[in-house]
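>>> Need coordinates for the following:
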Amino acid sequence: MAVPKKRLNKSKTRTRKNIWKRRAREQKLRALANAMRSLNNQPPIRKPNGG
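Below is the predicted model:
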């Protein structure tokens, strides 16, 4: 497989970015799920929430 190095590096960085994005999204979903669970378990507490 004769693939130029530049292209290889680009694909590598792209996959890495995708991995980071996926990880961030998973973290966000997990945090949201935890918040929902805590809200269901505890009475609503007034907190400054940014959406």
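
>>> does Asn34 sit in a helix or strand, and which one?
Using DSSP states H and E, Asn34 falls within helix 5-41.

>>> Can you list the buried residues in that helix?
Going by neighbour count (16 or more other CB atoms under 10 Å), nothing in helix 5-41 comes out as buried. All C-beta atoms are positioned from the backbone trio N, CA, C, and that covers glycine.

>>> for it, what is the average pLDDT?
Mean pLDDT, helix 5-41: 80.

>>> packing partners for it?
Helix 5-41 is packed against no helix or strand, with contacts defined by 3 or more CB pairs under 8 Å, 6 or more residues apart in numbering; DSSP states H and E.

>>> Going forward, count from 890.
Understood, numbering begins at 890; the last thing we discussed is helix 894-930.

>>> quick one: Leu921 from Lys906, how far?
Distance, Leu921 to Lys906, by CB to CB, to the nearest Å: 22 Å.

>>> what does Ala922 give?
25 Å.

>>> What of Asn929?
Asn929 sits at a distance of 35 Å from Lys906 (criterion: CB to CB).

>>> Output stretch 903-916 in CSV with nothing but the alpha carbons.
Only the C-alpha atoms of stretch 903-916 are listed here, as CSV (Å, rounded to 0.1, in the frame of the first residue of the first chain):
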residue,chain,number,x,y,z
ARG,A,903,-8.9,13.0,12.2
THR,A,904,-9.5,9.6,14.0
ARG,A,905,-8.0,11.0,17.1
LYS,A,906,-10.3,14.1,17.0
ASN,A,907,-13.3,11.8,16.5
ILE,A,908,-12.2,9.7,19.5
TRP,A,909,-11.9,12.8,21.6
LYS,A,910,-15.3,14.0,20.4
ARG,A,911,-16.9,10.6,21.1
ARG,A,912,-15.3,10.6,24.6
ALA,A,913,-16.6,14.1,25.3
ARG,A,914,-20.1,13.2,24.1
GLU,A,915,-20.1,10.0,26.3
GLN,A,916,-19.0,12.0,29.3
